[in-house]
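Colleague: quick one, what's the 3D model for this:
(2 chains)
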Amino acid sequence: MEQIPILKIGDCLLVSIQVDMHDRLAMALQDDLTAKIVASRARGVMIDISALEVVDSFIGRMLNNIAAMSRVLDAVTVVVGMQPAVAITLVELGLALTGVRTALNVDKGLALIRRLIDGEEDELDRRKG
Amino acid sequence: MIVEKDETMPVRNAEDVVRVRREVRTHAIGAGFNLVDQTKIVTAASEIARNTVDYGGGGTLRLETVRLGARRGVRLTFADQGPGIADLKLALTDGYSTGPGLGLGLSGAKRLSNEFDVKSTPGEGTIVTLVRWK
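Modeller: Numbering: from 1, shown residues only, chains lettered A, B, ... in the order given. From the prediction side, this is the model:
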């Protein structure tokens, strides 16, 4: 059975999509990730799509869903590495990834996740304080 | 219009949709498309191929590399014998879907193509033709 590996680094989960996914594989990744966020109590999810040459409406919906589900599970999602041709095509397709945070690469993505998590904690401290 | 390359492939399941993306990419590269144009026609093909599988009950794709004067292009013809589309105008509206999708398949693919045509007869099937020129 094919599967997209999910790596755990500290309190983050890292997924690097290296294959052209068929729809069932994309759905399986969505389910696996959601389960893993809960099991590992992850606070951040980074999805590297730098190897993806096509993001159509189905994959786009999957990315939106993952971001929405992780938000409900108290984790932030950042999509990194989108190729310029893919970004241009997505906009023309009519798919605005409105619920998805993006960063140029893995380094910037990790920094963004860290900022988002820390920012939330600061906010909580202030309310308590 | 001169047809330089002409192939037909099945579009029956999710794996075929991945194959469609690969074969359309090969035609687009062969026709001299740049990366953005390749990505646009491959993405459009992926949308229509999924419709062929999910709504049309499977069908076929005819892939052609065509030439008109000095211009080369890729023409894709998706055909199925499914239930057809009852209201074509509605089906081409952004956000309209009878399934679980986002309703961007037909309308999005149309925007990503230079020429786009849908012929559908309820009860007999649907033929979607799209062309992108270099």
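
Colleague: could you pull out the strands in chain A for me?
Modeller: Assigned by DSSP state E, chain A shows strands spanning A:6-9, A:12-16, A:44-48, A:76-80, A:101-103.

Colleague: what is the least confident helix or strand in the chain?
Modeller: Picking chain A for this. helix A:106-128 (a mean of 88; mean pLDDT, DSSP states H and E).

Colleague: if you could check chain B rather than the one you did, that'd help
Modeller: Every helix and strand in chain B was compared by mean pLDDT, DSSP H and E; the lowest is helix B:88-91, with a mean of 89.

Colleague: could you say what helices and strands it packs with?
Modeller: The contact analysis (3 or more C-beta pairs under 8 Å, 6 or more residues apart in numbering or on different chains; DSSP states H and E) places helix B:88-91 against strand B:115-121. Heads up, the C-betas are built off the backbone N, CA and C, glycines and all.

Colleague: so who does the spatially closest residue to B:Gly105 that is not a sequence neighbour touch?
Modeller: Leaving out its chain neighbours, the residue that sits closest to B:Gly105 by C-beta to C-beta, 6 or more residues apart in numbering or on different chains is B:Glu47, at 4.2 Å. Contact analysis of B:Glu47 by C-beta atoms under 8 Å, 6 or more residues apart in numbering or on different chains lists A:Asp56, A:Ser57, A:Leu93, B:Leu104, B:Gly105, B:Leu106, B:Gly108, B:Ala109.

Colleague: quick check: residues of chain B near chain A?
Modeller: B:14-15, B:17-18, B:21-22, B:25, B:35-36, B:38-40, B:42-43, B:46-47, B:50, B:94, B:101-102, B:104-105, B:107-108, B:111-112 (C-beta under 8 Å from any C-beta of the partner chain).

Colleague: and those, which are buried?
Modeller: Neighbour counting by 16 or more other C-beta atoms under 10 Å in any protein chain shown classes B:14, B:17-18, B:21, B:25, B:38-40, B:42-43, B:46-47, B:50, B:101-102, B:104-105, B:107-108, B:111-112 among the residues of chain B next to chain A as buried.

Colleague: ok, back up a step: save the strands of chain A as a markdown table, and put in mean pLDDT and distance to A:Lys128 too.
Modeller: Formatted as a markdown table, the strands of chain A follow (pLDDT from 0 to 100; distance: least, C-beta to C-beta, whole Å):
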| stretch | mean pLDDT | distance to A:Lys128 |
| --- | --- | --- |
| strand A:6-9 | 96 | 29 |
| strand A:12-16 | 97 | 25 |
| strand A:44-48 | 97 | 22 |
| strand A:76-80 | 97 | 21 |
| strand A:101-103 | 96 | 26 |
